[in-house]
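Student: below is the structure, and that's it, no one-letter string:
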Ligand code: GLN
């Protein structure tokens with residue numbers, strides 16, 4: 001088996017060690033004897049919906065989002081929509097998450113989003129939403145905690161067609177007001193949790209690996225359990241940092 005991962009704009013959208021998420025996926029595949037293929041797609045590059053099973057977009061500064069937003073809509077939107085429709089995994093973190101929605105409003109300027117999720121993001125007056133965060137989610141079928149770190153100026157508001165990834169236990173979440181965090185539809189997950197997210201929440205990494213392999217091979221593989229002492233400690237430490 002092979003996990004085929006495509007990072008969108010790895011040069012521009014990669015702040016706060018979001019690349020660690022990719023490394024973590026790679027290690028968990030290596031340790032299980034699953035081959036791992038990684039490619040990147042930058043500005044101007046089109047993508048093929050069937051060539052990868054896990055698509056990833058990390059966080060970015062507003063200026064990086066300005067560089068990629070219109071290009072992503074123009075060169076990648078249709079293929080990404082087709083891939084998600086066909087069961088591919090799409091994981092989007094922070095700046096990448098914001099770009100899943102309709103738009104990101106920055107004062108007078110409106111950055112276009114992919115329109116894959118019913119949400120919009122607005123840069124409002126007020127402090128950046130920064131800190132350790134823990135949320136409760138039912139992604140994967142049982143109630144679990146995801147822990148990480150958030151740092152965003154944009155506030156995201158879900159529309160009526162969007163389901164949040166989870167409820168905020170500690171931290172700010174989508175907008176610091178409604179207690180919701182992230183978005184989740186089929187195999188698409190958007191979240192403000194950096195940290196990086198996956199090394200602090202190994203179960204989520206395995207869940208996404210399983211979904212991506214299922215899309216490729218037609219059935220969900222049983223992933224060999226790994227000795228996760230360090231991963232459990234990383235999760236406990238991220239939770240403790242959030243006070244949960
Ligand atoms: N630039 C966006 C904001 O500040 C996203 C930041 C991020 O990816 N950490 O809201």
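Tutor: On my side now, so go ahead. Please read these numbers as outputs of a predicted model, since none were measured by experiment.

Student: point to the residue nearest the middle of this protein.
Tutor: Among the residues of the chain, the one closest to the centroid is residue 92, at 2.7 Å (Cα atoms, centre = their mean).

Student: that one: what's it in contact with?
Tutor: The neighbours of residue 92, taking Cβ atoms under 8 Å, 6 or more residues apart in numbering as the test, are 56-57, 99-100, 188-191. C-beta: built from backbone N, CA, C; applies to glycine.

Student: try 7 Å
Tutor: 57, 100, 190 (Cβ atoms under 7 Å, 6 or more residues apart in numbering).

Student: phi, psi for it please.
Tutor: Main-chain torsions, residue 92, degrees, to the nearest 10: phi -130, psi 130.

Student: how near is it to the ligand?
Tutor: 10 Å (Cβ to the nearest ligand atom, to the nearest Å).

Student: now residue 15
Tutor: Relative to the ligand, and taking Cβ to the nearest ligand atom, residue 15 is found at 6 Å.

Student: thought that residue was touching residue 59?
Tutor: Yes. Residue 15 sits in contact with residue 59 when judged by Cβ atoms under 7 Å, with a separation of 4.8 Å.

Student: more crowded one of the two?
Tutor: Per other Cβ atoms under 10 Å, whichever of residue 15 and residue 59 has more neighbours is residue 59, with 27 against 17.

Student: and the residue of the protein nearest the ligand?
Tutor: Nearest residue of the chain to the ligand: residue 59, at 2.7 Å (Cβ to the nearest ligand atom).

Student: so what's the closest residue to that residue other than its chain neighbours up against?
Tutor: Closest residue in space to residue 59, ignoring its immediate chain neighbours: residue 94 at 3.4 Å, by Cβ to Cβ, 6 or more residues apart in numbering. Residue 94 is in contact with 59, 152, 192, 194, counting by Cβ under 7 Å, 6+ apart.

Student: so the second one bridges to which residues?
Tutor: Just to be clear, that refers to residue 152. residue 129 (DSSP bridges).

Student: ranges for the strands of the protein?
Tutor: Remark: strands assigned in the chain by DSSP state E are 2-8, 35-41, 54-57, 89-93, 103-106, 109-112, 119-123, 129-137, 144-152, 154-158, 166-170, 180-181, 183-185, 188-191.

Student: show me what the last one is packed against.
Tutor: Applying 3 or more Cβ pairs under 7 Å, 6 or more residues apart in numbering; DSSP states H and E, we find strand 188-191 packed against strand 89-93.
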